[in-house]
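Visitor: return a 3D structure for these sequence lines:
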Amino acid sequence: MIEYDKLKKSFIHLEKQYNNYLSMNGRNNLSQLDREGISESVVQRFETCYDTLWKHLKKYLENETGLPDVPNSPKPVLRVAFENHIIEDIEKWIEYANARVGTAHDYSEQKFKEALDKTGDFLKDVISVYCKMKNEEWTSEK
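Guide: Residues are numbered from 1 along each chain as shown. Sure, this is the predicted structure:
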């Protein structure tokens with residue numbers, strides 16, 4: 001049996017911090033350092049969420065669908081999940097994977113902004129995948 005608590009917790013943390021990020025423009029009391037910290041937290045939570053998700057997808061493919069020899073790296077796992085109708089739009093998922101790799105290996109402002117820009121769609125898509133794996137509706141209150 002797959003334990004999903006860590007995965008759900010990473011989604012909830014990303015969701016909360018992303019909402020914090022979206023609301024910060026209307027909050028004049030935040031310093032530039034605070035704004036940067038919130039943005040950096042969103043990207044870090046994106047990274048954690050992405051890493052946790054692909055590892056859970058691997059376990060799901062092995063344990064729930066019975067697939068043997070599931071690859072042990074993110075992009076191949078995503079492709080197998082796409083082939084098995086667990087994720088939709090493989091191109092978007094490859095973009096998420098590239099954004100994750102970009103933040104890990106290139107500390108440029110451009111890569112950072114790319115990850116931030118993808119976070120809203122990523123969050124919707126990971127919640128959709130979570131619901132498919134768990135066969136339940138999403139609620140962040142748990």
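
Visitor: just give me the longest helix of this protein.
Guide: helix 32-63 (DSSP state H).

Visitor: contacts for the helix or strand just after that helix?
Guide: Scanning forward in sequence from helix 32-63 by DSSP states H and E, the next helix or strand is helix 74-83. Helix 74-83 is touched from outside by 50-51, 54, 57-58, 60-61, 67, 70-71, 87-88, 90, 93-94, 97, 100, 129, with contacts defined as C-beta atoms under 8 Å, 6 or more residues apart in numbering. Bear in mind the C-beta positions are built from the backbone N, C-alpha and C, glycine included.

Visitor: again with stretch 96-106
Guide: Residues from elsewhere that reach stretch 96-106 (C-beta under 8 Å, 6+ apart): 43, 46-47, 50-51, 74-75, 78, 111-112, 114-115, 118, 122, 125.

Visitor: return the distance of that stretch from the chain's centre.
Guide: With C-alpha atoms, centre = their mean, to the nearest Å as the basis, stretch 96-106 stands 12 Å off its chain's centre.

Visitor: which parts of it are buried?
Guide: Residues 96-97, 99-100, 102-103 are the ones in stretch 96-106 that count as buried (16 or more other C-beta atoms under 10 Å).

Visitor: for that stretch, the averaged confidence score.
Guide: Here stretch 96-106 scores 83 as its mean pLDDT.

Visitor: same question, stretch 110-121
Guide: For stretch 110-121, the per-residue pLDDT averages 88.

Visitor: output that stretch as CSV, nothing but the C-alphas.
Guide: Extracted C-alpha coordinates of stretch 110-121, given in CSV (Å, rounded to 0.1, in the frame of the first residue of the first chain):
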residue,chain,number,x,y,z
GLN,A,110,15.0,33.4,-16.0
LYS,A,111,14.9,29.8,-14.7
PHE,A,112,13.4,31.0,-11.4
LYS,A,113,10.7,33.0,-13.2
GLU,A,114,9.9,30.0,-15.5
ALA,A,115,9.2,27.8,-12.5
LEU,A,116,7.1,30.5,-10.8
ASP,A,117,5.1,31.0,-14.0
LYS,A,118,4.3,27.2,-14.3
THR,A,119,3.4,26.8,-10.7
GLY,A,120,-0.4,27.5,-11.1
ASP,A,121,-0.9,25.0,-13.9
